[in-house]
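*Asks:* I need the structure of the sequence given here:
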Amino acid sequence: MPTSQPDSIIDFSRDIYTVSRLNAEVRAVLDGSFPLLWVQGELSNCSQPASGHLYFSLRDAASQVRCAMFRSKRRLLSFQPVNGQQVLIRARIGLYEPRGDYQLIVEQMEPAGDGALRLALEQLKRRLAAEGLFADERKRPLPDYPRQLGLITSASGAAVHDVLTVLGRRFPLLPVLIYPSAVQGTAAAENLIAAIELANRRRDCDLLILARGGGSLEDLMAFNDEALARVIRASELPIVTGIGHEVDLSIADLAADRRGATPSAAAELVAPDIAQVQRHLQTLTTRLETAQRRLLVTATQRLTALGRQLQLLHPRARLEQQLQRCDELQRNLERSLERRLADTRARLGDAQRRLQRCSPQQRLCLDRDRVLRTRDRLARAGLSLLERRREALAGLVVGLQARSPLATLARGYAIVTDAAGQLVYRPQQVPPGTQVQVRVAQGSFLARVIGPASTSVRAPADDGDAEGADVND
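*Replies:* Modelled structure (predicted):
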């Protein structure tokens, strides 16, 4: 009897991962591949739920990473972490499986707190690095066998003894010319610059060492001078620095062609090793180190594989995941309740505003305000109309006064009428002996015409009888 073929063939040779399995194995890889790390950065998004755990992000200028510090470690802190604070944490790398988020599990935290002096030096380093002052392509190669070595340092310091001791041990034939200079204090940077420029002018040496013993950051400030760094970079002679201890990295070290961690290390860099036995021993040492490294890599790989299996079975990791999940659910619940409460308050506010708009008292107040505004506008309009009418009347009065005969009389003219009250326009209307009335600005008087006159009119006599007016035709 023939068997029917299935529609699709399941390939059981494939190892298909679920998301949970993938996250679990990635977490095991992360947990087992890195030791406890020290990481420095700025705190942000700090959150401490009721569980007592601390969640935050650690960031710098370009990146950030999520971090979790559980309550048992949180209780050991001697300070209260706040957003924006620079801290140094000791943590292991992990993965929060429900979200697939890479994170740091913090075991220890302490403030970092760089001082203003160190911050200023970091800013100067970044600015000079942006100019390319520390670029590797600008570094000068060191001579394999220096003809003469110039040593710039304090003549009475321990650095001279350290350098000469190393050179005497490694290459005693190398002559050394010392350029004494102050290496500490306000004038130290200028002394060092002068020594470098003198060595470049004299050209007695083909290699310079700039050296100083250990000290505090303030003691080494002369080697963080910007002008000194630029002179080091502009020097035609290669310069090797050996300043302070290994942890002391100055701007002069970054600008130099090579940097020794100490004055002795700087001497080691410039002094050639001419002993064939030492070279052969170094070759054997290198082979031994290679074989040991190979064995160490193999053992490390086996240890890593065993560590991954142990991490997958460790109950603490599972408990930490569940604790984070509980905190996340609690935060989601709180946010949901806050949103519902905010929506309810908003709806209540809308209802209250609608009720106020529909209130008769509110409408009565609005109508009262409208009536008052209308009354004010009407009063202002009446006053404005009255003012315009007054201005028009004043204009008419001015025009009337300009056309009034009284204004003419005020200028010295007179109005002459005969006995019948008719205006006299021509001398022929008043023959001699006729009595006329003359009106001037300040009143009127009677006059009698004597006869025609050429230029003037005589006033009446004191007895009140008019002698007449001499009117010129």
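*Asks:* Torsion angles phi and psi at the closest residue to residue 175 other than its chain neighbours?
*Replies:* Nearest residue to residue 175 in three dimensions, chain neighbours excluded: residue 148, at 4.8 Å (C-beta to C-beta, 6 or more residues apart in numbering). (C-beta placed from N, C-alpha, C; glycine too.) Torsion angles at residue 148 (phi, psi; degrees, to the nearest 10) stand at phi -150, psi 140.
*Asks:* can you count the residues close to residue 148?
*Replies:* If you count neighbours by other C-beta atoms under 10 Å, residue 148 ends up with 13.
*Asks:* again with residue 183
*Replies:* 24.
*Asks:* now the end-to-end length of stretch 48-66.
*Replies:* 14 Å (C-alpha to C-alpha, to the nearest Å).
*Asks:* can you list contacts of that stretch?
*Replies:* By C-beta atoms under 8 Å, 6 or more residues apart in numbering, the residues outside stretch 48-66 that reach it are 39, 41-47, 67-71, 74-75, 81, 87, 89, 96, 101-104, 106, 323-324, 326-327, 330-331.
*Asks:* how much space between residue 412 and residue 426?
*Replies:* Going from residue 412 to residue 426 by C-beta to C-beta, to the nearest Å gives 21 Å.
*Asks:* And for residue 198?
*Replies:* 126 Å.
*Asks:* Now do the closest residue to residue 154 other than its chain neighbours against residue 100, distance only.
*Replies:* Leaving aside its sequence neighbours, residue 154 sits nearest to residue 183 (C-beta to C-beta, 6+ apart; 4.8 Å). Applying C-beta to C-beta, the value for residue 183 to residue 100 is 55 Å.
*Asks:* do residue 281 as well
*Replies:* When distance is defined by C-beta to C-beta, residue 281 is 52 Å away from residue 100.
*Asks:* list the buried ones in the helix or strand harbouring residue 286?
*Replies:* Using DSSP states H and E, residue 286 maps to helix 276-313. By neighbour count on 16 or more other C-beta atoms under 10 Å, the buried set for helix 276-313 is 307, 308, 311.
*Asks:* in this structure, which residue is closest to the centre?
*Replies:* Among the residues of the chain, the one closest to the centroid is residue 61, at 13.1 Å (C-alpha atoms, centre = their mean).
*Asks:* Doesn't that one lie inside a helix?
*Replies:* No - using DSSP: H, G, I helix; E, B strand; the rest coil, the assignment for residue 61 is coil, not a helix.
*Asks:* can you give me phi and psi for it?
*Replies:* For residue 61, the backbone dihedrals (degrees, to the nearest 10) come out as phi -70, psi -20.
*Asks:* list the contacts for residue 197?
*Replies:* residue 231.
*Asks:* Okay, it and residue 124: tell me how far apart.
*Replies:* 22 Å.
*Asks:* ok now do the residue nearest to residue 258 when sequence neighbours are not counted, which residues does it touch?
*Replies:* The shortest distance from residue 258 to any non-neighbouring residue, by C-beta to C-beta, 6+ apart, is to residue 240 (4.6 Å). Residue 240 makes contact with 142, 207-210, 256-260, 266, 269-270 under the criterion C-beta under 8 Å, 6+ apart.
*Asks:* now residue 81
*Replies:* Residues in contact with residue 81 (C-beta under 8 Å, 6+ apart) are 43, 46, 54, 56, 87, 109.
*Asks:* looking at this, it is in a helix?
*Replies:* No - remark: residue 81 does not belong to a helix; assigned using three-state DSSP, it is coil.
*Asks:* Make 53 the starting number, not 1.
*Replies:* New numbering, starting at 53: the last item is residue 133.
*Asks:* Please enumerate the helices of the stretch 153-302 of the chain.
*Replies:* In the stretch 153-302 of the chain, the helices defined using DSSP state H, counting those that start in this stretch lie at 168-182, 210-222, 240-254, 278-286.
*Asks:* Run the angle between the last one and helix 168-182 for me.
*Replies:* In this structure, helix 278-286 runs at an angle of 30 degrees to helix 168-182, with axes from the mean of the first three to the mean of the last three C-alpha atoms, to 10 degrees as the basis.
*Asks:* when you compare where helix 278-286 runs with where helix 240-254 runs, what's the angle?
*Replies:* Angle, helix 278-286 to helix 240-254, by the same axes, to 10 degrees: 20 degrees.
*Asks:* So which bits of helix 278-286 are buried?
*Replies:* Buried residues in helix 278-286, counted by 16+ other C-beta under 10 Å: 280, 281, 283, 284, 285.
*Asks:* would you turn the contacts of residue 133 into CSV with secondary structure and pLDDT?
*Replies:* Formatted as CSV, the contacts of residue 133 follow (DSSP: H, G, I helix; E, B strand; the rest coil; pLDDT from 0 to 100):
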residue, secondary structure, pLDDT
95, strand, 90
98, strand, 92
106, strand, 93
108, strand, 94
139, strand, 85
161, strand, 86
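*Asks:* Out of the residues you listed, which is nearest to residue 211?
*Replies:* residue 139 (36.1 Å; C-beta to C-beta).
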